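>>> need a structure here:
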Amino acid sequence: MSHDASATWSGFNYQGKVALYHTLTLIKQKLGERLDFDFSGYELILENHEDFDIKGPDGFESFHQVKAINETAFSTFENALFAMLLQLDMGEFSSVTGYLHTWRPLNWNGGDSFEVKLKGVIYKVIENHQDDPTNSYIQKTFSDELVAEKKIKILRQARDEDGRLSNENEVFRILNTMYGATDALRVTGRVKQYDYGDGLACDIASIDIKVKTAIAELHSILSIDSAATAIEKIFCVLLSLLDENIILKHLNLNSGNETPILFSGIIDVITRGSVRDSDEAYLAARFKLNFIRLFDEFLDDEDLCPAEISESYFNGDSNLNTAMNVLLNLPAKDLLHHYKILSPHIALDAESTLDNAISINRDDLRQYLFPIFADMCRTKFSHDDARKLILYKSSGKSYLPTTIGAGTKKRLVIDIMNNGQAISLLFEVSAMVTGCENAVEINHFGEEYSRLSSVSLEQYYVDEAVESREKISQISRDIRLIKKSTAIREMDDA
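Below you'll find the predicted structure:
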């Protein structure tokens, strides 16, 4: 696996889990010192100075850069480290510690320490300027030309945020000071690889276990009895808490608000009995966790998702981004509601049914729904947030992407027609789309149902109100199931 699932931040992805793990670890440490420790003023802040920050009563304590890529070469991370060094050298952050979190331990040739490698990053920029001051990274920091070099972009951002970096000479002087500093608060001594206790990295398969273990240890410290199922529920609800926070931040990008998550709020989730006993929030959170995990698997499977599509997604330029940016930024409950509409052949009402759907229909997402998003044109994509409806629209026709796979015609017709709630939601939809190219296309659901069941629509929906019965009958007559390739061809020909 070469990437984390979401190209955008989410409380349910690797970054969110790392932020949660570090926060729980801090809480454990403080409670280990004093069981009545006062957490007033302690906050977790997502997507602020770095991927996440920790703030205490006296100000910021640490910034955390989380790199969810399956790489080990130090050079892969040096630009991120250079940006962090420049930021932490600012006076207002002179006591803040910076951490780099990675999936795998960093490797480099020779026996240099991490700090020596950091100094080397700074020295590259110094040396680049010494070699040719008229065409250096520092010189171009103050030019208006378009540049591709990441270090120039980093220097320009630092220039805009740090009033000391007013000209080329000052930038050169400050970099030399950073490089040669030996005092206790030197910036190269305050940027570290994060230590998880058993190593300087944590892969995506291990982070869930570490977070759940931290929850269990906090329960032990606080003398709370809890089963494994309770730990799982708290884990999902905490991830949902982070997820809702980041969604709120994305909705208010220009507000300048930090939108912190209080440590006391996290402790409340861990200790509140109703969270451990409640299922509604847990099921929705668990669904989103699994949804992202399955999307991650899809991106990493070249048989399902060709490498060029995966790379385009991570570069933010693909059909896939348009749909997934909407879905991944939905709160867990809203995502679950969207999934119900995208799965008209599954009646998702009871908890047990939903539980089964989450586990049984994993391939319906990976093999059928995600490929639709990857292949259907982004310019036709439409999201009706009020109706929780995703459609592709062209020339007055609306196409509903679905998780429908390769079921038999009889089974599909009966399952969909028996799901009255789903049928009602298909009003004004021209066709349902399956990503399964082996599926049998169905042109008239109503006729097929009557033929297969020997029951007319009027008889079947006799208990419905007259208006609803007429609406359902109309939908049943008009709705079709077509393959992805058919939908693309119809939209192209329109």
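
>>> When you work out contacts or count neighbours from here on, use the C-alpha atoms and nothing else.
Noted.

>>> Reduced to three states, what does the closest residue to Ile270 other than its chain neighbours come out as?
Leaving aside its sequence neighbours, Ile270 sits nearest to Ile234 (CA to CA, 6 or more residues apart in numbering; 6.3 Å). Classification of Ile234 by DSSP: H, G, I helix; E, B strand; the rest coil places it in helix.

>>> Can you give me the distance of Ile234 to Phe12?
For Ile234, the distance to Phe12 equals 13 Å [CA to CA, to the nearest Å].

>>> residue contacts, the residue nearest to Ile270?
By CA atoms under 8 Å, 6 or more residues apart in numbering, the contact set of Ile234 is Ile215, Val269, Ile270, Val275, Arg276, Tyr282.

>>> Show me how to select, in PyMOL, the buried members of the residues you listed.
Filtering the contacts of Ile234 down to the buried ones (16 or more other CA atoms under 10 Å) takes a single PyMOL command:
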select buried, resi 215+269+270+275+276+282
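
>>> Redo the contacts of Ile234 as CSV? Include secondary structure.
Formatted as CSV, the contacts of Ile234 follow (three-state DSSP):
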residue, secondary structure
Ile215, helix
Val269, helix
Ile270, helix
Val275, helix
Arg276, helix
Tyr282, helix
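
>>> and the contacts of Ile234 as TSV, adding pLDDT and distance to Gln65?
What follows is the contacts of Ile234, written out as TSV (pLDDT from 0 to 100; distance: CA to CA, whole Å):
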residue	pLDDT	distance to Gln65
Ile215	95	23
Val269	91	26
Ile270	92	26
Val275	70	30
Arg276	66	31
Tyr282	80	28
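
>>> Just put the contacts of Ile234 in CSV and tack on distance to Phe370.
As requested, the contacts of Ile234 are exported to CSV (distance: CA to CA, whole Å):
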residue, distance to Phe370
Ile215, 33
Val269, 33
Ile270, 34
Val275, 32
Arg276, 33
Tyr282, 24
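
>>> And stretch 51-63, how far out from the chain middle?
In this view, stretch 51-63 has its centroid 22 Å away from the chain centroid, taken as CA atoms, centre = their mean, to the nearest Å.

>>> show me where the stretch 251-400 of the chain has helices.
Using DSSP state H, counting those that start in this stretch, the helices of the stretch 251-400 of the chain run over 263-271, 273-277, 280-300, 307-314, 319-328, 332-342, 351-360, 362-363, 370-375.

>>> which stretches of the stretch 1-150 of the chain aren't confidently modelled?
1-11 (pLDDT under 70).

>>> Let's see that with 80 instead.
The stretch 1-150 of the chain contains residues with pLDDT under 80 at 1-12.

>>> Tell me where it has helices.
14-33, 74-88, 114-131, 137-141, 150-161.

>>> Of all those helices, which one comes closest to Asp296?
helix 14-33 (11.0 Å; CA to CA).

>>> List the buried residues of the closest one.
14-25, 27-28, 31.

>>> cool, stretch 300-311 as well?
Asp300, Cys305, Ile309, Ser310.

>>> ditto for stretch 390-408
When burial is assessed from 16+ other CA under 10 Å, stretch 390-408 yields the following buried residues: 390-394, 398-405.

>>> pLDDT (mean, whole number) over that stretch?
Stretch 390-408 shows a mean pLDDT of 89.

>>> thinking again about what came up before, may I ask which two of the buried residues of stretch 300-311 are separated the most?
Asp300 and Ile309 (10.6 Å).

>>> Contacts only, for Asp225.
His219.

>>> and what of Leu304?
Phe298, Arg366, Gln367, Pro371.

>>> Kindly provide the distance from it to Phe295.
11 Å.

>>> Determine the residues that are contacts of both of the two.
Arg366.

>>> Now stretch 166-175: buried residues?
Glu168, Val171, Phe172, Leu175.

>>> now do stretch 149-164
Lys151, Ile152, Lys153, Ile154, Leu155, Arg156, Ala158, Arg159.

>>> Report the two of these separated the most.
The farthest-apart pair in the buried residues of stretch 149-164, when distances are taken by CA to CA, is Lys151 and Arg159, at 12.1 Å.

>>> Of the contacts of Ile234, which is the nearest to Leu239?
Tyr282 (10.0 Å).

>>> Can you tell me how far the closest residue to that closest one other than its chain neighbours is from Ile215?
Nearest non-adjacent residue to Tyr282, counting by CA to CA, 6+ apart: Lys233, 5.4 Å away. From Lys233 across to Ile215, the span is 11 Å (CA to CA).

>>> swap in Lys192?
Lys192 is 25 Å from Ile215, by CA to CA.

>>> before we move on, what about His22?
12 Å.

>>> cool, Thr271 as well?
Applying CA to CA to Thr271 and Ile215 gives a distance of 10 Å.
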